[in-house]
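Asker: need a structure here:
(2 chains)
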Amino acid sequence: VSYFDPKVLARVKKLSLRARYVVDGLMVGVHSSRAKGLSPEFEEHRGYAQGDDARHIDWKAYAKFDRFFVKQYLRTTNVRAHLVLDSSGSMGYASDGMSKFDYACTLAASLVYLMLSQQDAAGLIIFSEKIDTMIPPKTSRDHLHAVLKALEDARPKGETSTASVLGDLAATLKRRGLVILISDLLDEPEGVLKGLKQLRARGNEVIVFHVMDPDELVFPFREPSLFQDMEGDLRLPADPQAVRSAYLAALRSHIEVYRRACYSHRIDYVSFDTSDGLDRSLAKYLTWRRKLKVR
Amino acid sequence: MNLTFLNPFLLFGLAAVAVPILVHRITQKKLVVRRFSAVRLILQSQRTTARPQKLRHLLLLALRILAVAALVTLAARPVLTRPGLVSLPREGARVLILDNSLSMGYRDGFGERFDTAKRAARELLNGFEGRAALISTAESGDGGGGVGPLAYARRDFAWLTPEETLDALESLSLTFGRGEPGSAFASAYREVKGLRVPAQIIFLSDMARSDLEGLDVDRLGSVTDAEVAFLRIGGPGRDPNLSVKEVTLPDGGVVTGVPARLEVRVSNFSDRDANTLVRLSLSGVKVDQKSIGVKAGRDAIAVFELVVEKPGWTNGQVALSGDGLASDDVYYFPINVWKKTKVLVVDGDPKMSLKTSESFFLASALRPSGSEESPFLTRIASESEAERMDYGSYDAVLLLNVAKPDFTLLASVLETGKPVFLFVGDRVLPDVYNSFSLAPWRIGELKGLGGRSGGAARVALSGSPRGELPRFLSGLENSLEGAVVRAYFEVTGAGERLLSLDNRDPLMVAEEAGRSKLYLFASSADLDWNDLPLNAAYLPLMQRLVRDAAGVGGGSLPAPAVFGRRFEGKDFEGSLVRQTAGPEGGPGIYRSLGPRGELRRGLNTPHEESDLAKIGENELKKKFGGIDVKVTDYREGGLKDRPGGRKEMWPYLLGYLLCLLALETALANRIFGFGRRP
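Answerer: This next block holds a predicted model:
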């Protein structure tokens, strides 16, 4: 039995258990932050600049190169992560057992579980049109229960307003950290990307988990249907066979916009559907942590 | 090019184009309601796909509608006709129907229309190598001999070579009567039906409404395979024409030496007012002429005063000053001129004063104002004078209040066919009059003034319905019924009652006696017993009564006959008829000698034929219904330059239908990229 399989996980009602199953077996460890400063672990030299503390001048290097160099040390610190979870109505869509929101909650819980086990601080923000729930990052083990409870209490409803939420978040965060956005991104790309850029501009690392349902990716419908929007009153009659190719093209274009924009702003973008195993997302996080350590 | 249909009624099937529309509506699938997250993406994609899909649906619908319409049109057999006359093939069969009715005698700038039609016929036969036939709409000898109506009767028909047809054409002449295109067409249809070669029926005519209006195509049968063309000689507009409608004698008869009023009614069959000169001729001698103006589409009357000195038949004719159609400008009428009626009036109570004489009012009625222009020659004699006179030299004998009539003499008068009138009075003894063996009635007691039983009565015209009144009383009813009779003898027994009183007693009776008639007036002839002599009806009553009784009361103008129709009445039946006036075999005056002596009738052209209004092309096509007909105006020598023709459209329409079906199949099944989804 693979506990990364969403179908298997769907059978596990308790979120904490789901998170534990997912995280079990994964590597854990201390990871360095990008903040550089005073630390017992040397990282590199750099040229002396006016204002630098003379105590940090490497006199041996001066003797060798006849130039002043300042020693830099790697500061060892825990990650301060914010998981930003989209709980809009569209996240409630489920084609086969697990809805996008269930998937996202499991993912968020697993990540929090993993982070806390690695002594990282993990916080949670649940939003739809506005921020519904905000749990600041903490490292304590008790914090996990608070996060899990918030996730269990949340229900997908309302419209999405990712752009404003991200903007507010960027303005709110005082310390740089990791922001993980878990959403179906069914919002205007310009607004969402603007929010992501603001977060990046403030020195945050950003990962976007784009969660989609297989129905959204394949559009398998055949009968002429009256499509009812899950976030609003929009009702649209359409022949799926007639619009499928155009829909898929629009979807591809939609994803491509996010992918390109994220790439250009050094945002990690990962799209996957709810039939994918959750290990992919966690592995993505760990990969990112590893890259962070290499730096 | 004109598009016509051989089965136009099938075009009602075009309503079937509604079927694809209904099917499209019915087969539209019911929508499944589905909650979905990425509806905005569907909306975005629909903006690019909905329009082509909708277009495809509309295209499919349009193709199906067009296919149904094409199928219905195909069933209606469309035929494309060129505006030229006919296709003029060198082979096949060609029937020429030539209009030789009176209206074809109209002359315009190109000459007589009948001649123009003949030239057109020659053009049609020139170069033709098939078989041909020539039919005229009217037979040349339809006129005076009493030939009956020819409507739809079988015409002589023979297929000829073009050369023989040309010979037949030369011998064909114009007639004075109406054409019967119905019988000509019926003959042509009968012969053309079943031919295995292309056939044409070409009608060469001025298309006068009077000839074609009554054409009943339903009686002709159906010949859809033959090409029917109308070659119009002359323009489509109404040609101006004047003709004499009738000639009448308002006063009835014409008496020698007595002026008579003759009225000539002239009709103007044109759209403009016209003036014409009406010339009156008697026995071939022009006697008078009048110039009259006739408003467009109306009639006008020219009045002539006629005086004929010679008794017996006189041939008269009126002629209008020339117009385009000369044949109908002359109107023939024979006049039977009567000699004056000689009347002997025996006054049984003559007085020294003329006005107090018994005969004063009666004599004045027969000779008003003592004029020589009276139709009566009246001789008044006393009872004693009359005994010495020869009654046989008079046409009628009237006895007024005669005490002792010579009944033997009167009987001889009646035997010679002369009528006798008995007017009673105070000198009359009933027993004396009742002794007259020829009188079937009995004179009884005197009623009223002077009699034992008094009381006045009014004239009541026998109590008969007015329609059954004797001819001499017509028009006098109102005046006569106001007359008061104060005294009269009661009359009983047999006899025809001519006048009665309102108490049902007879006032005047008559009875056949000998070879003539005996009349009895139960009251006096003067004012002594009644006021009838002062009545306005008295003069015409007495004049008509005496003339009718003397056998000169008939009209002088026999009812005219119309060319092409059998003479009505029995006048000419079984007797030899000869023409005495007019062009030979045409309109004129015809005479016969029968048991009642010589009779004459005027024969004239049909008045309706003078109306040269033309039948419209649309009206004609409507008449022919399913048969494709063309109407073309003839231009001299222009037939070869304007070949027309008829082309069946069904092969093209079938191809079009198949293309539509192929396109529809491709679009419906998205074959070869038709309607493929983007």
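
Asker: only C-alpha atoms for contact and neighbour calcs from this point on.
Answerer: Fine.

Asker: Pick out the residue in the stretch 1-150 of chain A sitting closest to chain B.
Answerer: residue A:90 (4.6 Å; CA to the nearest CA).

Asker: Give me the distance between that residue and residue B:354.
Answerer: As judged by CA to CA, to the nearest Å, residue A:90 and residue B:354 stand 138 Å apart.

Asker: So for those two, which residue has more residues nearby?
Answerer: Set residue A:90 next to residue B:354 and count neighbours by other CA atoms under 10 Å in any protein chain shown: residue A:90 wins out with 30 against 11.

Asker: correct me, but the more buried one touches residue A:230?
Answerer: Yes: counting by CA atoms under 8 Å, residue A:230 is a contact partner of residue A:90 at 5.3 Å.

Asker: tell me, what's touching the two both at once?
Answerer: The contact sets of residue A:90 and residue A:230 overlap at B:36, B:37 (CA atoms under 8 Å, 6 or more residues apart in numbering or on different chains).

Asker: re the thing from before, contacting residues for the closest residue to the residue of the stretch 1-150 of chain A closest to chain B other than its chain neighbours?
Answerer: Leaving aside its sequence neighbours, residue A:90 sits nearest to residue B:37 (CA to CA, 6 or more residues apart in numbering or on different chains; 4.6 Å). With contacts defined as CA under 8 Å, 6+ apart, residue B:37 is in contact with A:89, A:90, A:91, A:93, A:186, A:216, A:229, A:230, A:231.

Asker: Just among those, which is most surrounded?
Answerer: Busiest of the contacts of residue B:37 [other CA under 10 Å] is residue A:91, holding 32 neighbours.

Asker: State the phi and psi torsions of it.
Answerer: phi -70, psi -10 (degrees, to the nearest 10).

Asker: Identify the residues contacting it.
Answerer: Here residue A:91 is in contact with A:99, A:100, A:101, A:156, A:183, A:184, B:37 (criterion: CA under 8 Å, 6+ apart).

Asker: who does residue A:225 bridge with?
Answerer: Per DSSP bridges, the residues bridged to residue A:225 are residue A:238, residue B:32.

Asker: ok, it touching residue B:32?
Answerer: Yes: between residue A:225 and residue B:32 there is a contact under CA under 8 Å: 4.3 Å.

Asker: For these two, indicate the residue with more neighbours.
Answerer: residue A:225 (20 against 13).

Asker: What separation do you get for the more buried one and residue A:245?
Answerer: Distance from residue A:225 to residue A:245, by CA to CA: 16 Å.

Asker: same thing with residue B:79?
Answerer: 49 Å.

Asker: Equivalent analysis for residue B:76, please.
Answerer: Counting by CA to CA, the gap from residue B:76 to residue A:245 is 46 Å.

Asker: Of the two, which one has the most company?
Answerer: residue B:76 (20 against 17).

Asker: And the more buried one, how close does it get to residue B:660?
Answerer: 18 Å.

Asker: Please pull out the lowest mean pLDDT helix or strand from the chain.
Answerer: Unless you meant another one, I'm taking chain A. Taking mean pLDDT, DSSP states H and E as the measure, the helix or strand of chain A with the lowest value is strand A:36-37, at a mean of 41.

Asker: I was thinking of chain B, sorry if that wasn't clear
Answerer: Least-confident helix or strand in chain B using mean pLDDT, DSSP H and E: strand B:645-648, a mean of 68.

Asker: Next secondary structure element downstream of that one?
Answerer: Next in sequence after strand B:645-648, counting helices and strands by DSSP states H and E, comes helix B:650-669.

Asker: who's in contact with residue 265?
Answerer: All of this is about chain A. Counting by CA under 8 Å, 6+ apart, residue A:265 has contacts A:197, A:200.

Asker: think we crossed wires, I meant chain B
Answerer: Contacts of residue B:265 (CA under 8 Å, 6+ apart): B:244, B:245, B:246, B:247, B:299, B:300, B:301, B:302.

Asker: for these, which one is nearest chain A?
Answerer: Nearest to chain A among the contacts of residue B:265, with distances taken as CA to the nearest CA, is residue B:299, at 78.4 Å.

Asker: Show me what counts as buried in stretch A:245-258.
Answerer: Using 16 or more other CA atoms under 10 Å in any protein chain shown as the test for burial, stretch A:245-258 gives A:245, A:246, A:247, A:248, A:250, A:251, A:254, A:255, A:258.

Asker: now stretch B:489-502
Answerer: Under 16+ other CA under 10 Å, the buried positions of stretch B:489-502 are B:489, B:490, B:491, B:495, B:497, B:498, B:499, B:500, B:501, B:502.
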